[in-house]
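1. 3D, please:
(one chain, ligands or ions: 1)
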Amino acid sequence: MQSNSMLIIENYNKAGVLMSYLFPTYNKWPIKVKEANGATLTDIEGNNYLDFVAGIAVCNLGHCHPAVNEAMKKQLDQVLHVSNLFQIEGQEDVAKLLVSNTSGDAVFFCNSGTEANEAAIKLVRKATKKKKIITFFQSFHGRTMGSLSATGQEKIQHGFGPLLDGFDYVPYNDCSALKEAVNEDVAAIFLEVIQGEGGVHEASEEFIETINELQENYNLLVVVDEVQTGIGRTGKAFGYQHYQLSPDIITVAKGLGNGFPVGALIGKAHLIEAFGPGSHGSTFGGNPLAMAAAKATLEIIFKDDFLQSVVDKGNYFSTKLTSMLETSLIVKGVRGKGLMVGIECDQEVNGMISSLRTNGLLVLNAGPNVLRLLPPLTVTIDELDRAIHLIATELNKVPV
Ligand code: PLP
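-> As a prediction, this is how the structure comes out:
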């Protein structure tokens with residue numbers, strides 16, 4: 001009798017799928033990257049690609065940024081890892097940078113966005129002694145069981161139940177539905193201020209005002225997931241800073257280490273007691289190498305003139321894209337903030353993504369009908385112009 005693994009491998013071959021030692025959890029592109037610099041990726045055949053994916057909003061300073069790489073090389077030769085039993089100087093430095101640029105007062109370090117959100121769910125429950133958390137349809141908060149339960153998309157949760165109890169999903173930007181869902185039992189409202197994976201949807205001013213009212217009237221916690229919108233992506237240090245909002249908890253990862261895995265939860269002072277010694281932890285969270293990458297990254301991105309350059313380039317990009325796509329028969333609109341831009345089409349965008357890739361531009365989708373553009377924040381005007389030209393050429397083709 002054959003073993004299960006033999007059967008699986010045989011099935012792959014019959015389906016014509018390339019045999020691999022990896023679980024096929026990702027639909028991979030046919031590109032092997034040899035090296036990368038700034039906004040350019042070079043494959044093993046020597047082809048160059050303009051990278052408007054940036055590791056999915058990770059390499060905000062571009063690939064191989066010299067200051068980040070130098071800081072990591074220096075740290076690597078001193079000490080790569082010690083556990084959280086030790087004082088790690090870099091943690092205080094990075095935490096200070098995060099706290100002085102947010103509404104928070106203290107930081108917990110971890111390794112990814114989903115872990116930052118797991119920490120947030122645990123902290124909310126411990127601090128409020130309540131379990132009900134409101135999140136939104138089309139949100140994305142991660143793949144581990146807590147953050148998957150927070151994610152308001154059935155297709156991502158499918159097959160993994162039973163999920164964590166206590167999550168209620170509400171339509172995004174629907175103020176009356178949100179008011180109706182909130183009562184004394186609610187511990188927290190958990191949101192992205194721009195839904196990234198869900199289609200680049202921005203929160204309306206009215207929606208944020210409603211959240212503020214509810215925060216005050218029900219004494220509930222507001223948790224903002226800044227995993228994609230944080231670290232300068234939208235032209236502010238954090239996306240929530242475009243609004244009058246004072247989150248109790250902010251979660252961050254992706255751009256924090258410019259490519260080195262690191263995540264963080266930033267929380268207000270009144271939550272510090274609930275995360276006392278022994279309450280939560282991570283072996284790797286905040287290790288010296290991660291802190292070297294994060295410190296070098298934040299010291300550049302959290303400068304006013306750097307953030308202003310993101311605003312200026314974002315305005316240039318969106319305005320020019322909007323005008324070049326005005327006559328497109330398939331484009332419904334261009335939206336987003338800073339260098340987090342979505343182009344909504346009236347049809348699926350997968351074919352366009354492949355065609356743009358063939359022409360040397362790497363972009364993503366956000367849901368089936370939205371092209372998502374996340375260039376490094378260091379992208380040049382010339383690179384933006386090249387991307388605009390390729391996108392306009394692709395999207396202005398007369399659909400068959
Ligand atoms: N939250 C948001 C808003 C995200 O966009 C993502 C990833 O795309 C996550 C959480 C999960 O982050 P990670 O993949 O680092 O676990």
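
2. residue contacts, residue 51?
-> Residues near residue 51 by Cβ atoms under 8 Å, 6 or more residues apart in numbering: 36, 39, 40, 41, 59, 63, 362, 375, 376. C-betas here are computed from N, CA, C, even on glycine.

3. tell me the one among those residues nearest to residue 297.
-> residue 59 (9.8 Å; Cβ to Cβ).

4. may I have the phi/psi pair for the spatially most central residue of the chain?
-> Nearest to the geometric centre of the chain sits residue 228, at 2.1 Å (Cα atoms, centre = their mean). Backbone torsions of residue 228, given as degrees, to the nearest 10, read phi -100, psi -30.

5. wait, doesn't it sit right on residue 192?
-> Yes: at 7.0 Å, residue 228 and residue 192 qualify as touching, with contact defined as Cβ atoms under 8 Å.

6. quick one: contacts for the residue in the stretch 301-400 of the chain that the ligand sits nearest to?
-> Minimum separation of the stretch 301-400 of the chain from the ligand (Cβ to the nearest ligand atom) falls at residue 366, amounting to 9.6 Å. For residue 366, the contacting residues are 196, 197, 198, 199, 200, 342, 372, by Cβ under 8 Å, 6+ apart.

7. for it, phi and psi?
-> With angles defined as degrees, to the nearest 10, residue 366 sits at phi -140, psi 100.

8. just the pLDDT at it, thanks.
-> Predicted confidence (pLDDT) for residue 366: 98.

9. what's the nearest residue to it if we skip its chain neighbours?
-> residue 372 (4.0 Å; Cβ to Cβ, 6 or more residues apart in numbering).

10. and for the one you found, the neighbour number?
-> 25 (other Cβ atoms under 10 Å).

11. with residue 80 instead?
-> With other Cβ under 10 Å as criterion, residue 80 counts 13.

12. and residue 299, by the same measure?
-> 16.

13. could you pull out the helices for the chain?
-> For the chain, the helices defined by DSSP state H occupy 4-14, 54-57, 66-78, 89-99, 113-128, 145-150, 154-157, 175-181, 205-218, 288-301, 304-324, 350-358, 381-395.

14. would JSON lines of those helices with mean pLDDT and distance to the ligand be doable?
-> Listed next are those as JSON lines, based on pLDDT from 0 to 100; distance: least, Cβ to the nearest ligand atom, whole Å:
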{"stretch": "helix 4-14", "mean pLDDT": "46", "distance to the ligand": "26"}
{"stretch": "helix 54-57", "mean pLDDT": "98", "distance to the ligand": "6"}
{"stretch": "helix 66-78", "mean pLDDT": "98", "distance to the ligand": "18"}
{"stretch": "helix 89-99", "mean pLDDT": "98", "distance to the ligand": "17"}
{"stretch": "helix 113-128", "mean pLDDT": "98", "distance to the ligand": "2"}
{"stretch": "helix 145-150", "mean pLDDT": "98", "distance to the ligand": "6"}
{"stretch": "helix 154-157", "mean pLDDT": "98", "distance to the ligand": "11"}
{"stretch": "helix 175-181", "mean pLDDT": "98", "distance to the ligand": "19"}
{"stretch": "helix 205-218", "mean pLDDT": "98", "distance to the ligand": "17"}
{"stretch": "helix 288-301", "mean pLDDT": "98", "distance to the ligand": "13"}
{"stretch": "helix 304-324", "mean pLDDT": "98", "distance to the ligand": "18"}
{"stretch": "helix 350-358", "mean pLDDT": "97", "distance to the ligand": "17"}
{"stretch": "helix 381-395", "mean pLDDT": "98", "distance to the ligand": "21"}
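
15. distance to residue 232 for those helices - can I get that in a markdown table?
-> Supplementary listing: these in a markdown table, determined by distance: least, Cβ to Cβ, whole Å:
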| stretch | distance to residue 232 |
| --- | --- |
| helix 4-14 | 41 |
| helix 54-57 | 10 |
| helix 66-78 | 14 |
| helix 89-99 | 12 |
| helix 113-128 | 16 |
| helix 145-150 | 23 |
| helix 154-157 | 27 |
| helix 175-181 | 28 |
| helix 205-218 | 20 |
| helix 288-301 | 4 |
| helix 304-324 | 6 |
| helix 350-358 | 25 |
| helix 381-395 | 16 |
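
16. correct me, but residue 33 touches residue 43?
-> Yes: using Cβ under 8 Å, residue 33 is in contact with residue 43, at 5.9 Å.

17. closest residue of the stretch 251-400 of the chain to the ligand?
-> residue 253 (4.5 Å).

18. got the contact list for that residue?
-> 110, 111, 112, 113, 115, 116, 227, 261, 262, 263, 264.

19. at 10 Å what do you get?
-> Residue 253 makes contact with 57-58, 110-117, 142, 225-228, 230-231, 261-265 under the criterion Cβ atoms under 10 Å, 6 or more residues apart in numbering.

20. tell me the spacing between it and residue 316.
-> 28 Å (Cβ to Cβ, to the nearest Å).

21. the contacts of residue 51 in strands, which ones?
-> Among the contacts of residue 51, the members found in strands (DSSP state E) are 36, 40, 41, 362.

22. what do residue 228 and residue 192 both touch?
-> Common neighbours of residue 228 and residue 192, counting by Cβ under 10 Å, 6+ apart, are 140, 239.

23. show the backbone phi and psi for the residue of the stretch 251-400 of the chain closest to the ligand.
-> Dihedral angles for residue 253 - degrees, to the nearest 10 - are phi -160, psi -120.

24. picking that back up, can you read off the pLDDT for the residue nearest to the centre of the chain?
-> 98.
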